[in-house]
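# 3D, please:
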Amino acid sequence: MKPTVLILCTGNSCRSHMAEGILRAAAGDLLDVRSAGSQPAGFVHPRAIEVMREIGIDISGHTSKPMKEFLNGRVDIVITVCGKADQACPVFPGQVKRYHWGFEDPAHAGGTEEQILDAFRKVRDSIRLVFVAYGAGLRDAPLVARG
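All right, here's what the predicted structure looks like:
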């Protein structure tokens, strides 16, 4: 059984879905990757879907979920990608590790459409650097150290 990674954000509309898609692409064969929010927005942001599509990752089928959906299941690794979710994060049954890697919220970007998309791309690229490196580290780690 693959370890379950839960990526948390407040709204579960942008950052956590980008991270979920990127980590699933980088290490989905090693991990069961999920995402949720402490106060889910109820949708995946269309601009997040758009900028992820630019790098060949389709998150259009993702849904915004509350973190409480995961409280009764096994979660091995929790990764928070915003400060509010880190503060609101409970301990999950079976949780072995917890990480906090904060990223700016692109949903608050202003300006022209291109400036807003650039903000989403910047956050996507920052998330990509961290989560691809994390996935690569898992590949390099001995099997017993995964999770």
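
# only C-alpha atoms for contact and neighbour calcs from this point on.
Will do.

# those strands in the chain, which residues are they?
Assignment of strands within the chain using DSSP state E yields the ranges 4-9, 32-37, 77-80, 97-100.

# is it possible to export these to TSV including mean neighbour count and distance to residue 112?
Supplementary listing: the strands of the chain in TSV, determined by neighbours: other C-alpha atoms under 10 Å; distance: least, C-alpha to C-alpha, whole Å:
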stretch	mean neighbour count	distance to residue 112
strand 4-9	27	25
strand 32-37	24	28
strand 77-80	23	29
strand 97-100	14	31
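
# now for those, which one comes closest to residue 106?
strand 4-9 (12.5 Å; C-alpha to C-alpha).

# CA atoms only for that closest one, dumped as CSV, please.
These are the backbone C-alpha positions of strand 4-9, laid out as CSV (Å, rounded to 0.1, in the frame of the first residue of the first chain):
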residue,chain,number,x,y,z
THR,A,4,-1.0,8.7,1.6
VAL,A,5,0.1,12.3,1.3
LEU,A,6,-2.4,15.0,2.1
ILE,A,7,-1.6,18.5,0.8
LEU,A,8,-3.6,21.2,2.7
CYS,A,9,-4.4,24.8,2.0
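
# List the neighbouring strands of that strand plus their orientation.
Strand pairing for strand 4-9, determined by DSSP bridges: strand 32-37 (parallel), strand 77-80 (parallel).

# ok, residues contacting it?
Contacts with strand 4-9, where a contact means C-alpha atoms under 8 Å, 6 or more residues apart in numbering, come from 15-16, 19-20, 31-38, 67, 74-82, 84-86.
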